[in-house]
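Undergrad: structure, please.
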Amino acid sequence: MAVVKKAGADHVVNYREPDWPVQVRKLTPKGQGVDIVYDPVGLVDPSLKCTAWNGRIVVVGFAAGSIEKVAMNRILLKNVSLVGLHWGAYLKNQPKRVPEVWSALLPLLEQQQLMPHVYPQIFDGLGQVADALEAIASRKSYGKVVVRVAELNAAKL
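TA: Numbers count the residues shown, from 1 in each chain. Okay, the predicted model is just below:
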């Protein structure tokens, strides 16, 4: 939470606390809830509790470990749009969109309007992949975790 606060978040809520949807609603005007939920964790069901009427939920992953079952009547009653986004599938299904998306993202990265956060500990070599995965699984890490693979020395070939 300190990392995202330092990066400029106005408010932070810990999704591990059972009442986090209530906390989110309290942050919105008249407690109406949020218009958009970006869900890389797999918390659609509790997110519905803090989504406003006519809201949108974009599911991009299941980092929480399980794939949820959502009661569709809750989607209907709030008029919520639920959208899944599987970026990797674009190469197969809409390959022409990939360069289009990158041509929009790269200028934002170059102008530092979009700055991905890299976890400060760099894991050196494939021998540390297990340590990197443990840092992710234990929620010790945040942002992107990097494993630096040694460069292949062409002279040794």
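Undergrad: give me the most central residue, the protein.
TA: Compute the mean C-alpha point of the chain, and by CA atoms, centre = their mean the closest residue is Pro40, 3.6 Å away.
Undergrad: so that one makes contact with Gly61?
TA: Yes: if you go by CB atoms under 8 Å, Pro40 and Gly61 touch, sitting 4.4 Å apart. To be clear about C-beta, it is placed using only N, CA and C from the backbone, and glycine gets the same treatment.
Undergrad: neighbouring contacts of the helix or strand of the chain with the lowest mean pLDDT?
TA: Within the chain, no helix or strand scores below helix 2-6, which has a mean of 89 by mean pLDDT, DSSP states H and E. Outside helix 2-6, the residues within contact range by CB atoms under 8 Å, 6 or more residues apart in numbering are 12, 117, 142-143.
Undergrad: just put those in CSV and tack on distance to Leu48, pLDDT and secondary structure.
TA: Shown next, in CSV, are these (distance: CB to CB, whole Å; pLDDT from 0 to 100; DSSP: H, G, I helix; E, B strand; the rest coil):
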residue, distance to Leu48, pLDDT, secondary structure
Val12, 21, 95, coil
His117, 28, 88, coil
Tyr142, 25, 88, coil
Gly143, 27, 88, coil
